[in-house]
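*Asks:* Sequence first, then the predicted structure, then my questions.
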Amino acid sequence: MQTNFIDKHKVFVQKNVLLDTKLKLETNILRLDMINSVVSGNKFFKLQLPVAAAIKKGKTTIATFGGAYSNHIVATACYCKEAGLNSVGVIRGEQATELSETMKDAASFGMKLFFVSREEFKNKEKIKSQFGDDSYYWINEGGYSRLGAEGAMDILEWIDESYTDIVCAVGTGTMMAGLIAASLPHQRVTGICVLKGYEEQIIDVKYLLTELEQLKSYTILHDYHFGGYAKHPLQLLEWMNDCYQRYHIPTDLVYTARFVLLLKT
């Protein structure tokens, strides 16, 4: 499998970025956004093992799920193109008159897009029977799977063992599960939920962990969703601009801006 489009050598820890004004704790940020402009952040890590498994099984098409603005969809499309695989995206909601930029990007990487109603989208098994065949390898929305979590364990290769606290934004919980699985006994993993009312998120994280891994130290905070998924009040936008101007760190509306803002307050 070709992964030379990924440059892990660009990943680094940006130190002394923010100081907690109350506890005066040093905060460092792992710059996984440097790994690739499209398959960025945790996307490569969550995709690497499922794609490898698909190739090993002789599958020629990767199919997955997502919304019209899903960075998982476009990352999968790009990854598959580089790996020499076909890609299919089943998209939640009716097709708009004008495709989102995310959908345009996914299509430009060769992904075939199928739009289904929100109600139909809930029945993943029915979708698989309608759109797939034996050549398809299905990846869950957001890369949610044990394989995805195992791939995310590699992220801690860049984390010095002296760190006591690891903080991440949480959507499906796949990356967080990987961080927990790879964490050391003295380390605590804190997740910042980006979804409103997703109290059962911790259950989804635990589902990806072994019984021993479930005994490790971790928690999820639910007070930083800013009104819901991708909601972006003025406070959040101002902090994103401030963070970029002061530290040259680009953050996104859905995930990273929320947990970085937590570190400031």
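*Replies:* Yep, that arrived.

*Asks:* so what's the nearest residue in space to Asn86 that is not next to it in sequence bridging to?
*Replies:* Once flanking residues are discounted, Asn86 sits nearest to Thr61: 4.1 Å by C-beta to C-beta, 6 or more residues apart in numbering. Bear in mind the C-beta positions are built from the backbone N, C-alpha and C, glycine included. Counting by DSSP bridges, Thr61 is bridged to Asn86, Tyr136.

*Asks:* correct me, but Thr61 touches Gly84?
*Replies:* No - Thr61 is beyond contact range of Gly84, at 11.3 Å (criterion: C-beta atoms under 8 Å).

*Asks:* Compare neighbour counts for those two and give me the winner.
*Replies:* The neighbour comparison of Thr61 against Gly84 (other C-beta atoms under 10 Å) goes to Thr61, with 18 against 10.

*Asks:* so who does the more buried one touch?
*Replies:* By C-beta atoms under 8 Å, 6 or more residues apart in numbering, the contact set of Thr61 is 85-88, 135-137.

*Asks:* one more time with 10 Å
*Replies:* Listed by C-beta atoms under 10 Å, 6 or more residues apart in numbering, the contact set of Thr61 reads 54, 80, 85-88, 112, 132-138.

*Asks:* And the strands in the stretch 151-265 of the chain?
*Replies:* Along the stretch 151-265 of the chain, the segments classed as strands by DSSP state E, counting those that start in this stretch run 165-170, 188-193, 217-221.

*Asks:* residues in contact with the shortest one?
*Replies:* Strand 217-221 has contacts (C-beta under 10 Å, 6+ apart) with 164-167, 170, 173, 176-177, 179-180, 183-193, 198-199, 201-202, 205-206, 209, 258-259, 262.

*Asks:* again, only using 6 Å
*Replies:* 180, 188-193, 201-202 (C-beta atoms under 6 Å, 6 or more residues apart in numbering).

*Asks:* swap in stretch 67-77?
*Replies:* So stretch 67-77 is contacted by 39, 43, 64, 66, 87, 89, 91-92, 100, 102-103, 105-106, 109, 111, 142 (C-beta under 6 Å, 6+ apart).

*Asks:* Can you tell me which of the residues you listed are classed as buried?
*Replies:* Listed as buried from those are 39, 43, 64, 66, 87, 89, 91-92, 102-103, 105-106, 109, 111, 142; burial here means 16 or more other C-beta atoms under 10 Å.

*Asks:* What is the neighbour count of Glu238?
*Replies:* The number of residues packed near Glu238 is 11, by other C-beta under 10 Å.

*Asks:* pLDDT at it, what is it?
*Replies:* As predicted, Glu238 sits at a pLDDT of 83.

*Asks:* next one: Asn4
*Replies:* For Asn4, pLDDT reads 67.

*Asks:* which residue ranges form the helices in the stretch 1-150 of the chain?
*Replies:* Taking DSSP state H, counting those that start in this stretch to define them, one finds helices in the stretch 1-150 of the chain at 43-56, 71-83, 101-108, 118-121, 124-131, 146-152.

*Asks:* Can you list the low-confidence ranges for this protein?
*Replies:* Within the chain, the ranges that satisfy pLDDT under 70 run 1-4, 17-26, 225, 227, 230, 261-265.

*Asks:* Mind exporting the C-alpha coordinates of stretch 224-233 to PDB?
*Replies:* The C-alpha trace of stretch 224-233 is given here as PDB (Å, rounded to 0.1, in the frame of the first residue of the first chain):
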ATOM      1  CA  TYR A 224     -17.700  22.600  25.600                       C
ATOM      2  CA  HIS A 225     -20.000  21.800  22.700                       C
ATOM      3  CA  PHE A 226     -21.000  25.500  22.300                       C
ATOM      4  CA  GLY A 227     -24.600  24.600  21.500                       C
ATOM      5  CA  GLY A 228     -24.000  21.500  19.300                       C
ATOM      6  CA  TYR A 229     -21.900  19.900  16.600                       C
ATOM      7  CA  ALA A 230     -20.100  22.600  14.500                       C
ATOM      8  CA  LYS A 231     -21.900  25.400  16.300                       C
ATOM      9  CA  HIS A 232     -19.600  28.400  16.400                       C
ATOM     10  CA  PRO A 233     -20.600  31.400  18.600                       C
END
